[in-house]
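Colleague: Model the following, please.
(chains A and B)
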Amino acid sequence: MRQPVIWLCEKLGLTLAISAGLVACGGDDNAQRLQITGSSTIAPLLVELAKSYEQEHPNTRIDVQTGGSARGIADSRQGLADIGMVSRDLKSQEQDLIAHPLARDGIAMILHKNNSVSELTEQQIVSIYTGETKSWSELGPGDGMISVVSKAEGRSTLELFLSYFKLKSSDIKAHSIIGDNEQAIKTVLANPRAIAYVSIGTAEYSVEQGVSIRLLANETVEASTENVANRSFPLSRTLNLVTLNKPTGLAADFIAFAQSPAAYPLIERQYFVPL
Amino acid sequence: MAVAGLALLIFVFLVYESWPLLSKVEISRFFNDAGWHPTEQEFNLLPMIVGTLLTAIGALIIAAPLSIASAIFCQFYAPPIIAKLYTSIIELLSGIPSVVFGLWGLVVLVPIVASWEGPGTSLLAGILVLSIMILPTGALLAGTALGKIPSSWREGAAALGLSRWAMVKSIALPTAKSGLLNALILQTGRAIGETMAVLMVCGNIVAIPDSLFAPVRTLSANIALEMAYAMGDHRAALYVSGLVLLSLVAALLMFSRPMREVSYRV
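Modeller: Have a look, this model is predicted:
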């Protein structure tokens, strides 16, 4: 339930910016400001990181705004933002920017423990999610109709799923659309014929807690936070902070903080994998 | 007065937030676009309006008779001690958070529905969970309405030798009609706005359901599902959902007003 808070922060953002400006004019010239814009996937994490950084450094103001990875690239290039948030690796034409990897984000396909299907190829996953494969019997030992669980529009897991399998959100023919990862796991638990995708961090945690779900390997690579961190698991991406030049001063200090072990608990709480 | 002002402010807020989209696309597009894919500029809300109405009406069909029957039992049949105990149980039921109902629905009800016909998360599951949720509201309000009937009327009926059922049927129910109707309307309002439980058991597919076992998405679930990560037009479209939702409830209250305003003639 952290997201509504961020949304509220956005609403209040203008007021806060104005009041911060007034305070600054009032003589608090020491307050250092940092402007961060970009990917909405990373923003919730950065808001948390900024909060905890500001607590330790009372004289800083860190402003986080969303607008997509493209805005993160554009703003940091034009100097509108000190740091950009980009939820993918930098492309070849973006090498003028410096990437500071923050965390990795990976998703795993999950099935109920009692589902006898042991593996699915990428093609089979696509054909299940586009509604071409309708029954488990078409895929091997199982039987019954497949219940396809997908995510609501705007969720980062959906975005990663779509971009990896090169699908549009309107291509997906789901039977159930859910919001967060926990709900996806509960839905699979309630229906042994369901298939869903969730953040690997959440899925691993649930399995450790003895929840009756199973993570599917991607072709041969096992779905685990370890394999997301070492980049061998394909259904994953890097969450980057980008800067135009080598960062100095506050920006450098904040990036160092975001990459330090002190940030790991905050990263894990957003179901991302620290590096 | 302040409360009325707040309601108006909320309405203004919804219009303000949805204006960027309302001023850009034609209103008709919210009803005949190809689908709901706000990130691909398709904003059809119609399936969700239908979903909202179907779940609410379905729940009302189940909950209304049960809540009136329960109120009649409580007021006219149950011995005082049982009536008191029964009322406190109903009050407890009305206090259960909706997310708990949702969790129960997902873990218990959905698998049962799935065993009849897949996938389980469906209109039917939503109707069943909702009807249990709105039952206490209706039962308590109907109880209050029936309790207002002057005891002299009841005694008079007994003195005339009317049976208890005849008294309920020909005196209590007709007299309390507007109060009972009020109970039903408030129940329906609650059903239309309910979010968490419905979100968890309905499947949330944006399509007009072709059977009770098909999944549906309600307007409130749409907002709760997508608001957290929505930006730009997508966000404005969700505010339009909110605006439609508010209009549905307002229309319900407005059209039912003449029926509810019959007062007791004591």
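Colleague: Get me the contact residues on the stretch 101-250 of chain A for chain B.
Modeller: Residues of the stretch 101-250 of chain A lying close to chain B by C-beta under 8 Å from any C-beta of the partner chain are A:144-145, A:147, A:152-156, A:168-170, A:174-179, A:183, A:186-187, A:189-191, A:193-194. To be clear about C-beta, it is placed using only N, CA and C from the backbone, and glycine gets the same treatment.
Colleague: Please repeat the previous calculation with a cut-off of 10 Å.
Modeller: A:144-156, A:158-159, A:162, A:168-170, A:172-180, A:183, A:186-187, A:189-194 (C-beta under 10 Å from any C-beta of the partner chain).
Colleague: For PyMOL, write a command that selects the buried ones of these.
Modeller: Burial among these is assessed by 16 or more other C-beta atoms under 10 Å in any protein chain shown; the matching PyMOL selection reads:
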select buried, chain A and resi 146+147+148+149+150+151+152+153+154+155+156+158+159+162+169+172+174+175+176+177+178+179+180+183+186+187+189+190+191+192+193+194
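Colleague: end-to-end on stretch A:140-152?
Modeller: Distance across stretch A:140-152, first residue to last, is 29 Å (C-alpha to C-alpha, to the nearest Å).
Colleague: now do stretch A:165-176
Modeller: OK, stretch A:165-176 end separation, C-alpha to C-alpha: 19 Å.
Colleague: Give the closest residue to residue 142 in space, chain neighbours not counted.
Modeller: I went with chain A, as the question did not name one. Nearest residue to A:Gly142 in three dimensions, chain neighbours excluded: A:Trp136, at 3.2 Å (C-beta to C-beta, 6 or more residues apart in numbering or on different chains).
Colleague: oops, chain B please
Modeller: Nearest non-adjacent residue to B:Ala142 (C-beta to C-beta, 6+ apart): B:Ala71, at 3.7 Å.
Colleague: Buried residues of stretch A:161-168, list them for me.
Modeller: By 16+ other C-beta under 10 Å, the buried positions in stretch A:161-168 come out as A:Phe161, A:Leu162, A:Tyr164, A:Phe165.
Colleague: tell me the mean pLDDT for it?
Modeller: The average pLDDT within stretch A:161-168 is 91.
Colleague: repeat for stretch B:84-97
Modeller: On average, stretch B:84-97 scores 91.
Colleague: Next, the buried residues of that stretch.
Modeller: B:Tyr86, B:Thr87, B:Ile90, B:Leu93, B:Ser94.
Colleague: Make sure I have this right: the fourth one is in a strand.
Modeller: No - using DSSP: H, G, I helix; E, B strand; the rest coil, the secondary structure at B:Leu93 is helix, not a strand.
Colleague: Can you name the residues of the stretch 51-200 of chain B sitting close to chain A?
Modeller: B:102-103, B:105-111, B:114, B:117-122, B:199-200.
Colleague: Narrow those to those that are buried.
Modeller: Using 16+ other C-beta under 10 Å, the buried ones in those are B:102-103, B:105-106, B:109-110, B:114, B:118-122, B:199-200.
Colleague: Okay, helices next: where are they in chain B?
Modeller: Taking DSSP state H as the test, the helices found in chain B are B:2-22, B:29-32, B:46-72, B:80-95, B:98-104, B:110-116, B:123-147, B:151-159, B:164-167, B:173-175, B:177-193, B:196-201, B:219-226, B:232-260.
Colleague: Same question for the stretch 51-200 of chain A.
Modeller: Using DSSP state H, counting those that start in this stretch, the helices of the stretch 51-200 of chain A run over residues A:68-78, A:122-129, A:156-165, A:181-190, A:200-208.
Colleague: now, among the buried residues of stretch B:84-97, which is nearest to B:Leu45?
Modeller: Distance to B:Leu45 across those (C-beta to C-beta) is lowest for B:Ser94, with 30.5 Å.
Colleague: Could you measure from the residue nearest to B:Ile134 when sequence neighbours are not counted over to A:Ile255?
Modeller: Nearest residue to B:Ile134 in three dimensions, chain neighbours excluded: B:Gln187, at 4.5 Å (C-beta to C-beta, 6+ apart). Remark: distance between B:Gln187 and A:Ile255 (C-beta to C-beta, to the nearest Å) = 55 Å.
Colleague: of the two, who's got more company?
Modeller: B:Gln187 (27 against 18; other C-beta atoms under 10 Å in any protein chain shown).
Colleague: so that one makes contact with B:Ile57?
Modeller: No - proximity of B:Gln187 to B:Ile57 does not meet the contact threshold set by C-beta atoms under 10 Å, at 11.3 Å.
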